[in-house]
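Asks: model this:
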Amino acid sequence: KFPKIPYDYYEKVKGLRADQLDILGLELIDMKDPQELDRFL
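Replies: Numbering: from 1, shown residues only. Presented below is the predicted three-dimensional model:
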């Protein structure tokens, strides 16, 4: 959805648990800005 995100976001997402990734995946559909990821990381 976001072609270019900062590398630190990538590293934080890699460290999430499966249940957190499920929630993030559902919320990602409605996100408009990469900074909205902050509440999950």
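Asks: make it CA atoms for all contacts and neighbour counts henceforth
Replies: Will do.
Asks: Flag the helix or strand of this structure with the lowest per-element mean pLDDT.
Replies: Ranked by mean pLDDT, DSSP states H and E, the weakest helix or strand in the chain is helix 7-14, scoring a mean of 90.
Asks: Need the residues that contact that helix.
Replies: The contact list for helix 7-14 (CA atoms under 8 Å, 6 or more residues apart in numbering) reads L21, L37, L41.
Asks: Quick check: longest helix in this structure by residues?
Replies: The residue-count maximum for a helix in the chain (DSSP state H) belongs to helix 18-28.
Asks: pLDDT averaged over stretch 29-41 - what is it?
Replies: Mean pLDDT, stretch 29-41: 89.
Asks: Which residues does it contact?
Replies: Outside stretch 29-41, the residues within contact range by CA under 8 Å, 6+ apart are F2, I5, Y9, K12, V13, L16, Q20, L24.
Asks: Skip the chain neighbours and tell me the closest residue to the second one.
Replies: With CA to CA, 6 or more residues apart in numbering as the measure, P34 is the residue that lies nearest to I5, at 6.8 Å, once sequence neighbours are left out.
Asks: Could you tell me how many residues sit around that neighbour?
Replies: Counted with other CA atoms under 10 Å, the neighbours of P34 add up to 15.
Asks: Check the one 5 residues further on too.
Replies: Look at R39: counted by other CA under 10 Å, it has 7 neighbours.
Asks: before we move on, what about K32?
Replies: 10.
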